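Visitor: Have a look at this prediction, sequence included:
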Amino acid sequence: MSDSVGILAYGSLIGNPGSEIEKATRKAVSGVKTPFRVEFARGSRGRGGAPTLVPVESGGCEVPPSSSQGGSAIPSRPAAVG
C-alpha cells in the first residue's frame with residue numbers, strides 16, 4: 001500500500017500550482033465539491049493575496065464545483081490533486 005496526499009485546490013492554484021505541487025501531482029480530478037465546510041482564513045502572502053481556506057466544524061460553507069477556470073482570487077472550482 002502506498003501513501004498518498006490529496007490537495008483541494010481553488011482558483012489560481014489550479015492553473016499555476018507551483019513547481020513543488022506540479023512535480024508531485026500524479027492525478028487531478030476537477031469538479032469536486034468540498035467534502036467539508038470551509039471559511040476564509042487569510043489572504044496568501046505568496047499567491048498575490050489569494051484566499052487561504054480552512055476546514056471548520058461549524059459555520060463556513062461547502063464550495064460547489066464550477067465550470068469556470070481558475071485564476072481569480074475568489075474560490076471558483078475545487079480540484080482534488082493526489
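Guide: Cool, got the structure. Numbering: from 1, shown residues only.
Visitor: quick check: longest helix of the chain.
Guide: Longest helix of the chain, by residue count under DSSP state H: helix 19-24.
Visitor: outside of that helix, which residues touch it?
Guide: The contact list for helix 19-24 (Cβ atoms under 8 Å, 6 or more residues apart in numbering) reads 5, 7, 9, 13, 81. Heads up, the C-betas are built off the backbone N, CA and C, glycines and all.
Visitor: In a markdown table, list the residues you listed along with secondary structure, neighbour count and distance to residue 56.
Guide: Output for these, formatted as a markdown table (DSSP: H, G, I helix; E, B strand; the rest coil; neighbours: other Cβ atoms under 10 Å; distance: Cβ to Cβ, whole Å):
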| residue | secondary structure | neighbour count | distance to residue 56 |
| --- | --- | --- | --- |
| 5 | coil | 7 | 21 |
| 7 | strand | 14 | 18 |
| 9 | strand | 22 | 18 |
| 13 | helix | 20 | 20 |
| 81 | strand | 21 | 22 |
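Visitor: what two of those residues are the furthest from one another?
Guide: Using Cβ to Cβ, the pair of those lying farthest apart is 5 and 13, separated by 14.7 Å.
Visitor: on that earlier part again, return the longest helix of the chain as PDB; C-alpha atoms alone will do.
Guide: Taking C-alpha atoms only, helix 19-24 is exported to PDB below (Å, rounded to 0.1, in the frame of the first residue of the first chain):
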ATOM      1  CA  SER A  19       6.800  23.600  -9.000                       C
ATOM      2  CA  GLU A  20       6.600  21.600  -5.800                       C
ATOM      3  CA  ILE A  21       2.900  20.600  -6.200                       C
ATOM      4  CA  GLU A  22       3.200  20.200 -10.000                       C
ATOM      5  CA  LYS A  23       6.100  17.700  -9.600                       C
ATOM      6  CA  ALA A  24       4.200  15.700  -7.000                       C
END
